[in-house]
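Chemist: here is a sequence together with a model predicted from it:
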Amino acid sequence: MSLDELKGKVNEAKGKMNDDQKEELKGKAQQGLGKAKDKADEVTDDLAGKINDQLDKKDEGDN
C-alpha cells in the first residue's frame, strides 16, 4: 500500500466519522491516485527490465 492510499483511507474514514461527504470522496480519490501510481511504477519497472534484457542480449552478441 502506497502512502497516497494510506492517506486516502485516513481521509475517507475521517469523512465517514464526521459525516463529511466531501472529505470521504477526497479520500477515495486519493486512494485511486495511489493505486494508479503503483500500477504506473509496476509497468515502468517491467518495461525497464525488458529493455535492459534486450540490451544485454545485444551486448552479448557483440562480443
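Modeler: Received it, and whenever you're ready, just let me know what you need.
Chemist: let me see the contact set for the most centrally placed residue in the chain.
Modeler: For the chain, the residue nearest the mean C-alpha position is D38 (1.7 Å; C-alpha atoms, centre = their mean). By C-beta atoms under 8 Å, 6 or more residues apart in numbering, D38 lies in contact with S2, E5. Using the backbone N, CA and C atoms, a C-beta is placed for each residue, glycine as well.
Chemist: if I look at it, how far off is D4?
Modeler: Going from D38 to D4 by C-beta to C-beta, to the nearest Å gives 9 Å.
Chemist: may I have the phi/psi pair for N18?
Modeler: The phi/psi pair for N18 (degrees, to the nearest 10) reads phi -100, psi 10.
Chemist: what is the burial count for it?
Modeler: Residue neighbour count, defined by other C-beta atoms under 10 Å, stands at 10 for N18.
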